[in-house]
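Chemist: Could you work out the structure for the sequence below:
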Amino acid sequence: MPTPRETAEAFSRHRFRDAYAALAPDVRWTRVGEGVVIGRQEVVDACESTLGALTSTTTRFTRFVLVADAGGAAAAVDVVARYVDADGATSEVSSCDIYEFSDGLLTTITSYAVELDQTGP
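Modeler: I've put the predicted structure just below:
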């Protein structure tokens with residue numbers, strides 16, 4: 001099983017499958033402004049849907065800062081990612097994921113995300 005730090009990194013880098021083994025049966029994923037997903041299978045399904053949507057998209061992380069407590073109870077990841085789809089359309093998203101663990105299992109994910117304005121001042 002991955003460590004809490006490895007789980008947080010995998011999840012925030014969209015390497016969801018590397019994190020599945022660490023999901024608690026009753027894991028709760030709050031996507032602020034979008035809703036809540038409850039339960040291991042429901043979280044896996046949401047992740048697989050995201051992976052499907054990203055199949056023809058290139059993702060480049062321009063910021064990736066991970067902080068985890070030494071005891072393995074929590075981690076937070078601050079990310080800025082640039083997405084380019086097959087048609088060349090781009091978007092840049094700033095996000096923060098907060099992870100909570102119990103006995104090595106991921107019990108709670110809280111995700112904040114906002115699309116950044118690419119037009120600039």
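Chemist: Please enumerate residues in contact with the helix or strand Tyr112 falls within?
Modeler: Element membership of Tyr112 [criterion: DSSP states H and E] is strand 105-115. Judged by CB atoms under 8 Å, 6 or more residues apart in numbering, the contacts made with strand 105-115 from elsewhere in the structure are 4, 7, 11, 19, 22-24, 26-32, 43, 91-101. C-beta: built from backbone N, CA, C; applies to glycine.
Chemist: Could you do stretch 63-74 as well?
Modeler: Outside stretch 63-74, the residues that reach it (CB under 8 Å, 6+ apart) are 3-5, 8-9, 12-13, 75-80, 94, 98-102, 104.
Chemist: Tell me which stretches of the chain form helices.
Modeler: If you assign secondary structure with DSSP state H, the helices in the chain sit at 4-12, 40-53.
Chemist: got those helices as TSV, with mean neighbour count and distance to Asp87 columns?
Modeler: Shown next, in TSV, are the helices of the chain (neighbours: other CB atoms under 10 Å; distance: least, CB to CB, whole Å):
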stretch	mean neighbour count	distance to Asp87
helix 4-12	22	26
helix 40-53	14	14
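Chemist: In TSV, list those helices along with distance to Ala113.
Modeler: Putting these into TSV (distance: least, CB to CB, whole Å) gives the following:
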stretch	distance to Ala113
helix 4-12	11
helix 40-53	12
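Chemist: So which of the contacts of stretch 63-74 are in strands?
Modeler: Those of the contacts of stretch 63-74 mapping onto strands are Ala75, Ala76, Val77, Asp78, Val79, Val80, Ser94, Ile98, Tyr99, Glu100, Phe101, Ser102, per DSSP state E.
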